[in-house]
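Participant: sequence unknown, structure follows:
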Ligand SMILES: *Cc1c(COP(=O)(O)O)cnc(C)c1O
């Protein structure tokens, strides 16, 4: 045995049983019903192959690396200029957002790592606001950083459209996470709501972390894709994006974090201001050596006309599944949310069921796998999440099987 001081906060983490419990139940079901085809509507991962233009860019970058002229060693920790410039032009300037410059963009191996890593530059005495149900990474990374007692869970309910606002706060927050479009509820924060949060942050000296990993799923032209569409946000918000859901990069790994130059901070009790971007740059250059060149070329291909078209086709495919689920379920009399501008449908379980008992019921009756909402927080109790990331054929059959069940109520 090694006697050594550990980060005591790791011992405060609750073990996460959600996906292991699901897997165990599915396995037991399959053993008892070997001939029944189990349909999975629980997956939070993409299933379509990478778009062809991405594969072509990868291939040619691989070939380049095998030549004397094309070989690249360590790249810039922040990402290659070709990608940062493309991101800035396509995701920001072309959308009318001019407060962002390529220097504000930090290419990374994905949104999950950035979400956790960003806490490196922040102090421990922060009160942190998350919505409940929540993407568990926001909570667990804050627990690891010693903030278990400083996490405020804001109920995301039918009453607030599953996106809580600052008007509902009963205490001041220093750090706020917003995930929009939301995992797990599929809700999207309106421009007006985001403006309220930005105003709150500026009035209360709070930092906003805006996770827009599902931005590409927004169809409604009135809904914001970026926090930087909101005036004043460049002085209080960090945006985290990913190619995972937008372009199928969950296995390839690439995303980026935006820290605007205008985001200046002063440590509490001090007058000297420092640039948050500079701190993040210092963190990244010390602890990170950049994303593989070939992966950054693959990400660049997402922005070519062919890349855009191929990604849009994949998103349209998943969105067709979401529509099928949403419409099918609401026609059966269920209360369903999300599914319009997100790949998730959030379903209220019928009276008399809990998240887990309805999960069991769907598995036992129709061999359908879903995700119990209670796994994302107490306010997720009474809901299940359905994912649109499966195949159209599976989604269609799932809806048919659901139709064979008695209608709710
Ligand atoms: C899938 C997902 C991401 C993307 O994470 P990567 O690490 O980039 O794959 C980020 N945020 C949320 C809420 C997600 O569901």
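Facilitator: Thanks, I have it. Just so it is clear, the structure is predicted and the values come from calculations on it, not from any experiment.
Participant: look through the stretch 251-400 of the chain and state the residue closest to the ligand.
Facilitator: For the stretch 251-400 of the chain, the residue closest to the ligand is residue 255, as judged by Cβ to the nearest ligand atom, at 4.2 Å. Quick note: C-beta positions are derived from backbone N, CA and C, even for glycine.
Participant: contacts only, for that residue.
Facilitator: Residue 255 is in contact with 107-111, 114, 213, 240-244, 249, counting by Cβ atoms under 8 Å, 6 or more residues apart in numbering.
Participant: next one: residue 99
Facilitator: With Cβ under 8 Å, 6+ apart, residue 99 has these contacts: 228, 233, 234, 260, 262.
Participant: tell me which element the spatially most central residue of the chain falls in.
Facilitator: Residue closest to the mean C-alpha point of the chain, counted by Cα atoms, centre = their mean, is residue 213 at 4.3 Å. Using DSSP states H and E, no element contains residue 213; it sits outside every helix and strand.
Participant: what's the burial count for the closest residue to it other than its chain neighbours?
Facilitator: What sits nearest to residue 213 in space, not counting adjacent residues and going by Cβ to Cβ, 6 or more residues apart in numbering, is residue 242, at 4.5 Å. The local packing of residue 242 (other Cβ atoms under 10 Å) involves 27 other residues.
Participant: just the pLDDT at residue 242, thanks.
Facilitator: Here the pLDDT value assigned to residue 242 is 98.
Participant: ok, what's across the strand from it?
Facilitator: Here residue 242 sits in beta bridges with residue 255, going by DSSP bridges.
Participant: any buried residues in stretch 278-291, and which?
Facilitator: By neighbour count on 16 or more other Cβ atoms under 10 Å, the buried set for stretch 278-291 is 279, 280, 281, 283, 284, 288, 290, 291.
Participant: for the chain, what lies in contact range of the ligand?
Facilitator: Residues of the chain found near the ligand (Cβ under 6 Å from any ligand atom) are 110-112, 135, 179, 183, 211, 213, 242, 244-245, 250, 255.
Participant: now do 5 Å
Facilitator: Taking Cβ under 5 Å from any ligand atom as the contact definition, the chain meets the ligand at 110, 111, 112, 135, 179, 183, 211, 213, 242, 244, 255.
Participant: ok so, going back, tell me the one among the buried residues of stretch 278-291 nearest to residue 7.
Facilitator: Checking the buried residues of stretch 278-291 against residue 7 by Cβ to Cβ gives residue 283 as the nearest, at 17.8 Å.
Participant: torsion angles phi and psi at the closest one?
Facilitator: With angles defined as degrees, to the nearest 10, residue 283 sits at phi -60, psi -50.
Participant: how about the contacts made by it?
Facilitator: 117, 120, 121.
Participant: which stretches in the stretch 151-300 of the chain count as helices?
Facilitator: Per DSSP state H, counting those that start in this stretch, the stretch 151-300 of the chain carries helices over the ranges 191-204, 244-247, 276-287, 293-301.
Participant: can I get those in CSV with distance to residue 16?
Facilitator: Formatted as CSV, the helices of the stretch 151-300 of the chain follow (distance: least, Cβ to Cβ, whole Å):
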stretch, distance to residue 16
helix 191-204, 28
helix 244-247, 20
helix 276-287, 25
helix 293-301, 28
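Participant: contacting residues for residue 26?
Facilitator: By Cβ under 8 Å, 6+ apart, residue 26 lies in contact with 38, 363, 369.
Participant: go with 10 Å
Facilitator: Contacts for residue 26 (Cβ atoms under 10 Å, 6 or more residues apart in numbering) come out as 38, 40, 42, 363, 367, 369.
Participant: helix/strand/coil for the fourth one?
Facilitator: Just to be clear, that refers to residue 363. helix (DSSP: H, G, I helix; E, B strand; the rest coil).
Participant: what strand or helix carries the closest residue to it other than its chain neighbours?
Facilitator: The shortest distance from residue 363 to any non-neighbouring residue, by Cβ to Cβ, 6+ apart, is to residue 29 (5.4 Å). Under DSSP H and E, the secondary-structure element containing residue 29 is helix 18-32.
Participant: the following helix or strand past that helix - contacts with which helices or strands?
Facilitator: Remark: after helix 18-32, the chain's next helix or strand is strand 39-40, criterion DSSP H and E. Other elements packing on strand 39-40 under the criterion 3 or more Cβ pairs under 10 Å, 6 or more residues apart in numbering; DSSP states H and E are strand 368-369, helix 392-403.
Participant: okay, the ones you listed, which one's buried deepest?
Facilitator: Most buried of these by mean neighbour count (mean count of other Cβ atoms under 10 Å) is strand 368-369; its value is a mean of 23.
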